[in-house]
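Peer 1: Provide a 3D model corresponding to the input given below.
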Amino acid sequence: MADRNLVTGEPEAPVASFRVEPVPLTTEEPLMKRSHKRWSDLSARQQAAILTLASVELSLTATAAADLWCRPAGQVRGSKALWWPLLFVQPIGPIVYLTLGRSPSTGQPAGRTPRSPAGDPSPMRSTAAPVKRSAARSANAWSARSKS
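Peer 2: Numbering: from 1, shown residues only. All right, here's what the predicted structure looks like:
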């Protein structure tokens, strides 16, 4: 039996109805394919590759950050303040800084001047304290006793 309008008595036009079904929170099958894999879903080779690349990326970032920290502003192309955020744009930021951000150096480590110990011009001079003869003699005497 069709519904009638109470005022006019004419039959009412059918109204489209939508039935909304609740989505269960735990489903066995996902609604969409899962695009992200879990760590346990990866093979051992994939896990090793990710760990290797992550360690290379971390090493590059640490090297670039240490260099930027120690390098005087005059030896950096551009502003040091602009290079800091770029270092954390992975993976290209540290590579761009290390290749393009540094001015050509003179071969010396940044921020350090070469000094020889005690003003000696010879770089091969040993800084170790000389061994006292009495200590050497007692060591030889002790080794001779232990052999017999």
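
Peer 1: quick check: buried residues in the longest helix seen in the chain?
Peer 2: In the chain, taking DSSP state H as the definition, the longest helix is helix 44-70. With burial defined by 16 or more other Cβ atoms under 10 Å, the residues of helix 44-70 counted as buried are 60-61, 64-65, 67-68. C-beta coordinates here come from the backbone N, C-alpha and C atoms, glycine included.

Peer 1: list the contacts of the helix or strand just after that helix.
Peer 2: Counting by DSSP states H and E, the next helix or strand C-terminal to helix 44-70 is helix 80-87. Helix 80-87 has contacts (Cβ atoms under 8 Å, 6 or more residues apart in numbering) with 61, 64-65, 68, 73, 76, 93-94, 96-97, 101.

Peer 1: pLDDT on stretch 60-75, on average?
Peer 2: pLDDT averaged over stretch 60-75 equals 93, rounded to a whole number.

Peer 1: before we move on, back to that, just the buried residues of helix 44-70 now: which is nearest W39?
Peer 2: T61 (22.0 Å; Cβ to Cβ).

Peer 1: okay but that closest one is in contact with Q90, surely?
Peer 2: Yes - at 7.3 Å, T61 counts as touching Q90 under the criterion of Cβ atoms under 8 Å.

Peer 1: need the max-distance pair from the contacts of helix 80-87.
Peer 2: Within the contacts of helix 80-87, T61 and A73 form the most distant pair, 20.4 Å apart (Cβ to Cβ).

Peer 1: low-confidence ranges in the protein?
Peer 2: Across the chain, the stretches falling below the confidence threshold (pLDDT under 70) are 1-2, 14-18, 23-35, 105-148.
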